[in-house]
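Peer 1: quick one, structure for this:
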Amino acid sequence: MGTSLADLEAQCQSLADKLTLPLLLKRNAEEFADLPALSSGDVTLSWARIRERSAALARGLGALGLKRGERMMIMMSSRPEHWLVDYGAVHLGAIPCTAYQTLSTEQVGYVARHSAATVVVLEGADEVSRWRSVLETLPAIKRVVVLDPAAVPAGDSRFVSFAQVEASGRELHEADPKVFEEGWKSIRPEDPIAMMYTSGTTGDPKGVVLSHRNAFYEAIAVDLAAPVPMRTPSIAYLPLAHIAERELGLYRSAFKALHVHVCSDPTGVVPLMAKVRPPAFFGVPRVWEKLAGGLRAKLGTLEPEKRDAILAAHAVTLEAFRLEGSGKSVPAELAQKVAVMEEKVLKPLRGVLGLDALQWASSGSAPIPVEVLEYLGGFGIRVLEVWGMSETTGCATVNTPTDFRVGSVGRPIPGLEVKLADDGEIFVRGPVVFLGYLADDGRIVSPLDADGWLATGDIGTVDAEGYLTITDRKKELLITSSGKNIAPSKIEGMLRAHPLVGQAIAIGDGWPYVTALVSLDAEVAPLWAKARGINAATVAELAREPAVLAELTALVAASNERLSRAEQVKRFEVVAEAWGPATGELTPTLKLKRRVILGQYAARIATLYSKD
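Peer 2: Numbers count the residues shown, from 1 in each chain. As a prediction, the model looks like this:
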């Protein structure tokens, strides 16, 4: 007899009620002392070494004046020092918060003022430059710690090097280790562990405060849904300002004593996958879309005989994947064919990509086109959608390798309740729901209603089996001048599924019909063009190529056949620019900044509607 849902919930709650990050790091340093915990390039830190350095940094930060309950801002790439200084602050009972490195000076000023951070930790000269220009308006900041000693401004007593803080902290710790060891024992599961700023797609970012209980209930519940063995390898490549990486890279890794391989450059993920071969990997949709686009482009360069063999294996495996993804059984004869193709063709192909050991591949943070999931599923790469947000400490619902529906985001993790409002908005309640938002006066204010429900702002449906499907963001629904409600993400996903397309935005709020702007994929589009004999040096040149425009016209026409009349894209335009976080059109988590794009291209959008 299987374990009941109530038993699973009780199991998660009982364990989460006992755990804090300092307690887990102590366990790991004792039980797995010399085992690898964190690797970056040629540097590998053991669990014992991580705790030693975290202790030194805790004492060093304390000497700078960082106190329990105060916020510490970090602007640093994913590197071992980021883990260490974060862990050090947590041992003090302070609240670390990572800021995206792509923030402008104005945005830096906003999060710094709102957080009322007393200590700031920066990586190098670029970060120092942006923060120095706003420091005079931030009297709460006591000290600024800089990792690169060469970037420490001369003659400014507010700045100190990371090495100095760690060295002085080590001296303090060695002189009296009881201060550290007794200090962290006062931290309770209900205390804050971190703060995350939302991406701010529709307004100013909000400071989301999470507890130790939030972080480790999430780790426990996800591990029950998709277990990962203790001490296995994992890859951290997203910014630690992203809830997924913070949960997986900082907290789940501590819970399972994983060996985290840090990849500070996302373009290096594929080579690192081939080296590390992790059993689980989370990717934002763009990672999987680019993988699918790269596979399509690669197939186009193969000899016909080899390509045909792969396509034949893909067709058979896709048929089985579709059956499983719709809740149907796979006939024995088809299962046998899949097994043969898997052994002869697909497993070796995944081995080249470093995906042969992958047991749970997941996608979240934004919608992913079903076409991408099916295309990868045909190669035996089962990418399963999850759903959640910073306010739910990451995953709230999951699809698992043995329990999934393609197109849905799965079912709630143990202990989480989901309900829909009359307008389809999703409400959640449970132990992964955050403590609250940081208010301007430093209080943590909960947005939950009287019954403990959180309004997520997402719109969805739940089927008879309990699988949740997200249809759109409530604030992003387009309402045409004729009063039609349209979900833009559905349209955008269809367009983005093509390898030529990097990003697309559907437009129509207040207009008589839907139009779209399309930005080409700066990496894949040139490969697509080259395979067809098109020589173009830049994305701007490709955007004017007749063959590219013809292909995208056909894409829009094919998408329109699957859309209702009101949803269909009547006109579109290809922009000459590739959109990204650095240029401002996307958030650091690669979500569209709709207000920015609509403002930036206002004149061109108006032209799309002036052709009637």
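
Peer 1: check contacts around the most centrally placed residue in the chain.
Peer 2: Using Cα atoms, centre = their mean, the residue of the chain that lies closest to the mean C-alpha position is A244, 4.6 Å off. Shown in contact with A244 (Cβ atoms under 8 Å, 6 or more residues apart in numbering): 238, 282, 284, 364-365, 394. (Glycine included, C-beta is placed from N, CA and C.)

Peer 1: against L147, how distant is it?
Peer 2: Separation of A244 from L147 (Cβ to Cβ, to the nearest Å): 24 Å.

Peer 1: show the average pLDDT along stretch 571-585.
Peer 2: Predicted confidence along stretch 571-585 averages 89 (mean pLDDT).

Peer 1: secondary structure class for T397?
Peer 2: When classified by DSSP: H, G, I helix; E, B strand; the rest coil, T397 comes out as strand.

Peer 1: burial of G415, as a residue count?
Peer 2: Using other Cβ atoms under 10 Å, G415 is surrounded by 21 other residues.

Peer 1: V501 touches L517, doesn't it?
Peer 2: No - between V501 and L517 there is no contact under Cβ atoms under 8 Å: 10.8 Å.

Peer 1: does E417 touch V428 like I think?
Peer 2: Yes - between E417 and V428 there is a contact under Cβ under 8 Å: 6.7 Å.

Peer 1: neighbour count for the two, which is higher?
Peer 2: V428 (25 against 12).

Peer 1: using the three-state scheme, assign the more buried one.
Peer 2: Note that with three-state DSSP, the state of V428 is strand.

Peer 1: any idea what it is bridged to?
Peer 2: V418, L454 (DSSP bridges).

Peer 1: low-confidence ranges, the chain, go.
Peer 2: For the chain, applying pLDDT under 70 flags the ranges 1-5, 199-203, 482-483, 612.

Peer 1: can you list the domain ranges for it.
Peer 2: 22-187, 477-608 (automatic domain parsing).

Peer 1: between the two ends of the longest one, how far is it?
Peer 2: So the one you mean is domain 22-187. 8 Å (Cα to Cα, to the nearest Å).

Peer 1: then stretch 224-231?
Peer 2: Stretch 224-231: ends 16 Å apart by Cα to Cα.

Peer 1: buried stuff in that stretch?
Peer 2: By 16 or more other Cβ atoms under 10 Å, the buried positions in stretch 224-231 come out as 224-226, 228.

Peer 1: what's the closest of these to A540?
Peer 2: Closest approach to A540 among these (Cβ to Cβ): A226, at 42.8 Å.

Peer 1: so the closest one touches P401, yeah?
Peer 2: Yes - judged on Cβ under 8 Å, A226 makes contact with P401 at a distance of 6.7 Å.

Peer 1: anything in contact with each of these two?
Peer 2: Residues touching both A226 and P401 by Cβ under 8 Å, 6+ apart: 359-360.

Peer 1: helix or strand: which one has A194?
Peer 2: strand 192-197 (DSSP states H and E).

Peer 1: output the contacting helices and strands for that strand.
Peer 2: When contacts are defined as 3 or more Cβ pairs under 8 Å, 6 or more residues apart in numbering; DSSP states H and E, strand 192-197 sits against helix 80-92, strand 95-98, strand 207-211, helix 212-225.

Peer 1: one more pass at 6 Å, please.
Peer 2: Identification of packing neighbours for strand 192-197 by 3 or more Cβ pairs under 6 Å, 6 or more residues apart in numbering; DSSP states H and E yields strand 95-98, strand 207-211.

Peer 1: now do the buried residues in it.
Peer 2: Buried, per 16+ other Cβ under 10 Å, within strand 192-197: 192-197.

Peer 1: also stretch 303-318?
Peer 2: 310, 313-314, 316-318.

Peer 1: which one of those is nearest to E476?
Peer 2: L318 (31.2 Å).

Peer 1: picking up where we left off before, among the buried residues of stretch 303-318, which two are most distant?
Peer 2: I310 and L318 (12.0 Å).

Peer 1: direction included, what does the strand holding A194 pair against?
Peer 2: According to DSSP bridges, strand 192-197 forms sheet pairs with strand 207-211 (antiparallel).

Peer 1: which parts of the stretch 101-250 of the chain are strands?
Peer 2: With DSSP state E, counting those that start in this stretch as the criterion, the stretch 101-250 of the chain has strands at 119-122, 143-146, 159-161, 192-197, 207-211, 233-236.

Peer 1: would you turn these into a markdown table with distance to L438?
Peer 2: Below are the strands of the stretch 101-250 of the chain laid out as a markdown table (distance: least, Cβ to Cβ, whole Å):
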| stretch | distance to L438 |
| --- | --- |
| strand 119-122 | 16 |
| strand 143-146 | 21 |
| strand 159-161 | 25 |
| strand 192-197 | 6 |
| strand 207-211 | 3 |
| strand 233-236 | 25 |
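
Peer 1: what about those, which gets the closest to V596?
Peer 2: Nearest of the strands of the stretch 101-250 of the chain (Cβ to Cβ): strand 192-197, 17.1 Å.

Peer 1: quick one: the closest one to chain centroid distance?
Peer 2: 16 Å (Cα atoms, centre = their mean, to the nearest Å).

Peer 1: what residues does that strand touch?
Peer 2: 95-97, 111, 205, 207-212, 215, 243, 390 (Cβ atoms under 6 Å, 6 or more residues apart in numbering).

Peer 1: dump it to CSV, restricted to CA.
Peer 2: Provided in CSV are the C-alpha atoms of strand 192-197 (Å, rounded to 0.1, in the frame of the first residue of the first chain):
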residue,chain,number,x,y,z
PRO,A,192,13.8,34.6,7.8
ILE,A,193,16.5,32.9,5.6
ALA,A,194,16.5,35.3,2.6
MET,A,195,14.8,38.0,0.7
MET,A,196,14.1,37.9,-3.1
TYR,A,197,13.0,40.8,-5.2
